[in-house]
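Visitor: Attaching a predicted model along with its sequence, questions to come.
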Protein chains: 2
Amino acid sequence: MGGFELTLDTLRDLAEGAAVLGTGGGGDPYVGRLLVEQQLRAGRAVRIIGVDELPDDALVLPCALMGAPTVFHEKLPGAAGIVTALRTLEDRLGRRAAATMPIECGGFNSMIPLVLGAETGLPVVDADGMGRAFPELQMETFAVMGVPGSPMSIASDHGDAGIIDAVDNRRMEMLARAVTVQMGGSAYICDYPMDAREVRRTAVPGTLTLAARIGATLRQARDDHRDPFAALTAMLADTIYSHGVVLFRGKVADIERRTVAGFARGRVRLTAMDDPGDQMEIVFQNEHLVARRNGQPAAIVPDLICTLNSETGAPVTTEALTYGQRLTVYAISTPRIMRSPEALACFGPAGFGLDDPYVPVEQLVGGP
Amino acid sequence: MGGFELTLDTLRDLAEGAAVLGTGGGGDPYVGRLLVEQQLRAGRAVRIIGVDELPDDALVLPCALMGAPTVFHEKLPGAAGIVTALRTLEDRLGRRAAATMPIECGGFNSMIPLVLGAETGLPVVDADGMGRAFPELQMETFAVMGVPGSPMSIASDHGDAGIIDAVDNRRMEMLARAVTVQMGGSAYICDYPMDAREVRRTAVPGTLTLAARIGATLRQARDDHRDPFAALTAMLADTIYSHGVVLFRGKVADIERRTVAGFARGRVRLTAMDDPGDQMEIVFQNEHLVARRNGQPAAIVPDLICTLNSETGAPVTTEALTYGQRLTVYAISTPRIMRSPEALACFGPAGFGLDDPYVPVEQLVGGP
């Protein structure tokens, strides 16, 4: 079998890059990274493979931790629940998985399949269904291209497990969300069971290695005292996330945050360093949804809006936003697979109740 | 196969008797009765059998409608969901059921297994796990005697289905309750999968025929212009619910009702017809929990406290209580299987957070 074995160095890069792809949400991968490090130090291996390395009919079971990212920090996730989720779905399907993969490559959920891979020996497919982070289970390229999320499994670290077989992916999200709350605010899931042929058709490819490359680029720029944003833009140019662009540099003037129906909703306002009249406002629901410069959209979901430390390029999540912080707002174009009319209806502006039409970030602000 | 086939007349008696066993809660069986009538008029048959008629290893899957009784009236239940619940649990177990049975013989849930029996041809075992109505899934003689409720299935009328495999029956209740809310406030369930040997060991026997006999007794007393309460007491004497006793006759002076965490909680106060200083107060949580006469307990859960129309003996649920209503409070002793220390810990006064010790009703007020 091809692919590559995860090292501690690559893991660190991957975690930082995944936080960039988390676009302010997705949960900080730090705790997840520690879980994977623990596995690697215990002598277990994680193999990351391209989806082309699997035969057409190989069963792939994507996995994630569901729930409010704030809970992950208070309730340290273990490895037992994720294995329970896998076995529960395997039992339901009457088949064993040939591989796992991330449902969501952005943020914390980039790490969960690595833990599962280490625990079970299953390879982890280098692809995902969001190409970033999104707050709900139906916001998946899998769903957009007709793969049912059901049957899905859901499990706690305490031995509770369940199967949800919903009539559509939105109902699945609602049912799984209610169970997650009862399981203490977070729960492990395996959903969108697919064969490798379907993964090739519907997944965003190469997103784990993309995250690792983003992390490595930021690390090297720091080590070499180079501009991390210019380095990032140069690196992205040869990927399917081809346009990386600095939208704004400023400091945090105002933050509004509230938790509504299990989501972190709010907005942050930045003012330019040299001109307080030049402002950018970002609206978020877990993840950043739209960035407006002096009232005009500069980038909008599903394009990625990242809030990065202006010195180091290190990603800053919405929980970590503080008054006076110097941030660079950096946008990344999403790949074509995430911009179809069906994809935009699901996780574009309309999917989040925004009135703004979707305009690709490279048209709004020009390319690099 | 033995047992008897359900007729329209027996069905009507059974529904009225089940409402008596509902002790003020359990949901009015009226709508459920119409569902069964529809099945019988369409030419389908329902066979009720004794548990002794099944071989030891026959699989029995108890079923019910879960949720707030108030919802059942607004959202007419269909037959599709209950068949989905059965098939979902059969698929999980990899075995077909030989019979179904009520989880709860009191109130609305006496009718659901009859609908399932008519739809599938499965016989319905004449026994249940509550011997009356209780508000939560762990309040079962099955649970008290060590039968796990999991795996359980849960389904809506819209095609959504799920399996819950909880570490204990209380966790199962919490998870299923959350799913029920998301399914619109009511959901079909099959739980406590058992073989017939276990049903014989753990169920309250004969409760469907008991309900039918209670209904027939009240109907005949009305037809013959005899006292329905004396007739009921005479009829119960030769059953395992041996003590039936009138606790109080009065009119409703005061009702307090609120919906708390999905339960109908409250109290009703009655004053004696001839002496306003002589009062009885009943505290309920869906079902009546304790009746106090002038401050002294007269009957307490799990003994049955029934509010019946003073003229006709017809059962009155807590939703139907109105000021000035003339009611007879009638208590029925529970069978021995429901009075063990383990049973009382689960669904005795302590199970409902009451400080009163359990004293059998026949000791509190004397026998008939």
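Guide: Looks like it came in fine.
Visitor: May I see the buried residues of the helix ranked longest in chain A?
Guide: Counting by DSSP state H, the longest helix found in chain A is helix A:207-223. Neighbour counts over helix A:207-223 (16 or more other Cβ atoms under 10 Å in any protein chain shown) mark A:207-219, A:221 as buried. Heads up, the C-betas are built off the backbone N, CA and C, glycines and all.
Visitor: ok, residue A:53 to residue A:235 distance?
Guide: 24 Å (Cβ to Cβ, to the nearest Å).
Visitor: if you count what's nearby, which of those two comes out ahead?
Guide: residue A:235 (19 against 16; other Cβ atoms under 10 Å in any protein chain shown).
Visitor: Tell me where chain A is predicted with low confidence.
Guide: The model of chain A has pLDDT under 70 over residues A:1-2, A:69-77, A:262, A:366-368.
Visitor: Enumerate the residues of it near chain B.
Guide: By Cβ under 8 Å from any Cβ of the partner chain, the residues of chain A that approach chain B are A:88, A:92, A:158-167, A:171, A:174-175, A:177-179, A:181-183.
Visitor: ok, and what's touching stretch A:33-44?
Guide: The contact list for stretch A:33-44, computed with Cβ atoms under 8 Å, 6 or more residues apart in numbering or on different chains, reads A:6-8, A:11-12, A:15, A:46, A:77, A:79, A:111, A:114-115, A:118-119.
Visitor: of these, buried ones?
Guide: Buried members of those, counted by 16+ other Cβ under 10 Å: A:6, A:11-12, A:15, A:46, A:77, A:79, A:111, A:114-115, A:118-119.
Visitor: Just those: which are in helices?
Guide: Among those, DSSP H puts A:11-12, A:15, A:114-115, A:118-119 in helices.
Visitor: between those, which is nearest residue B:140?
Guide: Nearest to residue B:140 among those, counting by Cβ to Cβ, is residue A:119 at 35.8 Å.
Visitor: For that closest one, which residues are in contact?
Guide: A:39, A:44, A:79, A:82-83.
Visitor: For the residues you listed, name the two members farthest from one another.
Guide: Farthest apart among those - using Cβ to Cβ - are A:44 and A:82, which lie 13.8 Å from each other.
Visitor: Skipping its backbone neighbours, what lies nearest residue A:213 in space?
Guide: residue A:235 (6.1 Å; Cβ to Cβ, 6 or more residues apart in numbering or on different chains).
Visitor: Just the element for that neighbour, please.
Guide: Here residue A:235 sits within helix A:228-236, counting by DSSP states H and E.
Visitor: between that helix and helix A:207-223, how many degrees?
Guide: Calculated by axes from the mean of the first three to the mean of the last three Cα atoms, to 10 degrees, helix A:228-236 forms an angle of 140 degrees with helix A:207-223.
Visitor: Against which helices or strands is helix A:228-236 packed?
Guide: On a contact count with 3 or more Cβ pairs under 8 Å, 6 or more residues apart in numbering or on different chains; DSSP states H and E, helix A:228-236 meets helix A:207-223, strand A:244-260, strand A:326-332.
Visitor: residues in contact with residue A:156?
Guide: Neighbours of residue A:156 in contact, by Cβ under 8 Å, 6+ apart: A:81, A:84, A:183-184, A:187-188.
Visitor: thinking again about what came up before, give me every residue that touches the residue nearest to residue A:213.
Guide: Taking Cβ under 8 Å, 6+ apart as the test, what residue A:235 contacts is A:213-214, A:217, A:244.
Visitor: Same check on residue A:108?
Guide: For residue A:108, the contact set (Cβ under 8 Å, 6+ apart) comprises A:18, A:22, A:26-29, A:31-32, A:65, A:69, A:72.
Visitor: residues touching the spatially most central residue of chain A, list them.
Guide: Nearest to the centroid of the C-alpha atoms of chain A, with distances taken as Cα atoms, centre = their mean, sits residue A:106, at 1.9 Å. By Cβ under 8 Å, 6+ apart, the residues touching residue A:106 are A:18-19, A:21-23, A:25-26, A:130-133, A:287.
Visitor: again, but for residue A:302
Guide: A:131-132, A:134, A:334, A:338-339, A:343-344, A:347-348, A:358.
Visitor: ditto for residue A:139
Guide: Applying Cβ under 8 Å, 6+ apart, we find residue A:139 in contact with A:130, A:346-347, A:351.
Visitor: Count the neighbours of residue A:52 for me.
Guide: The number of residues near residue A:52, taken as other Cβ under 10 Å, comes to 12.
Visitor: scratch that, residue A:103
Guide: 27.
Visitor: Equivalent analysis for the one 4 residues further on, please.
Guide: Close neighbours of residue A:107, defined as other Cβ under 10 Å, add up to 31.
Visitor: Verify the contact between residue A:270 and residue A:255 for me.
Guide: No. Contact between residue A:270 and residue A:255 fails when scored by Cβ atoms under 8 Å: they sit 9.9 Å apart.
Visitor: quick one: which of these two has more around it?
Guide: Shown here are residue A:270 and residue A:255; by other Cβ under 10 Å, residue A:270 has more neighbours (28 against 15).
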